[in-house]
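**Student:** Take a look and give me a structure for this.
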Amino acid sequence: MDYPLLNVFWTMCIFFLWVLWFVLLFRIIGDIFRDDTLGGWGKAGWLIFVVILPFLGVFVYLIVRGRGMGARMEARMNQNEQQFQTYIRDVAAAPGSSTSDELAKLAALKNNGDITEEDYQRAKHKVLA
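**Tutor:** Predicted structure coming up:
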């Protein structure tokens, strides 16, 4: 036992901070690529800055564009939700299909995990109404 308990604690802390750093780095890189308002040269510049000087690049990115990261993520989530709801409405209200066909499609979507139980019940209620 040549490794005291305090050293184990510090090793765990350093490992946790290392993992946290990479999560933050990849989240920022993902935000750079997902931002539609940023042009190609802007994306390339930020990416080079974050990759070449990672600590300074990440901190500057968070200071300059950090507030918008949450807004962009929320807008993307809302857009995905709207697309999903549109898809559910289109599938549930396909023309020329009977009620049993629509219920079978909804059951298949639920069984595949594409929709939740709550979404399934709402769509089922619309079909049966």
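**Student:** Wait, residue 120 touches residue 105, no?
**Tutor:** No: contact between residue 120 and residue 105 fails when scored by CB atoms under 8 Å: they sit 10.8 Å apart. Just so you know, the C-beta spots here come from the backbone N, C-alpha and C atoms, and that holds for glycine as well.
**Student:** got the contact list for stretch 76-92?
**Tutor:** Contacts of stretch 76-92 from elsewhere in the structure, counted by CB atoms under 8 Å, 6 or more residues apart in numbering, are 34, 102, 105, 106, 109, 115, 119, 123, 126, 127.
**Student:** Hmm, residue 122 and the fourth one touching each other?
**Tutor:** So the one you mean is residue 106. No: using CB under 8 Å, residue 106 and residue 122 do not qualify as a contacting pair, with a distance of 9.9 Å.
**Student:** pLDDT weak spots in the chain?
**Tutor:** 1, 93-97 (pLDDT under 70).
**Student:** need the helices for it, in chain order.
**Tutor:** Along the chain, the segments classed as helices by DSSP state H run 5-34, 40-52, 54-92, 99-112, 117-128.
**Student:** hmm, back to that, can you pick out the residue with more neighbours from residue 106 and residue 122?
**Tutor:** Comparing residue 106 with residue 122 by other CB atoms under 10 Å, the one with more neighbours is residue 106, at 23 against 16.
**Student:** distance of that one from residue 98?
**Tutor:** Distance from residue 106 to residue 98, counting by CB to CB, to the nearest Å: 13 Å.
**Student:** Can you report how many residues lie near the closest residue in space to residue 33 that isn't next to it in sequence?
**Tutor:** Leaving aside its sequence neighbours, residue 33 sits nearest to residue 43 (CB to CB, 6 or more residues apart in numbering; 6.7 Å). Using other CB under 10 Å as the criterion, residue 43 is surrounded by 15 other residues.
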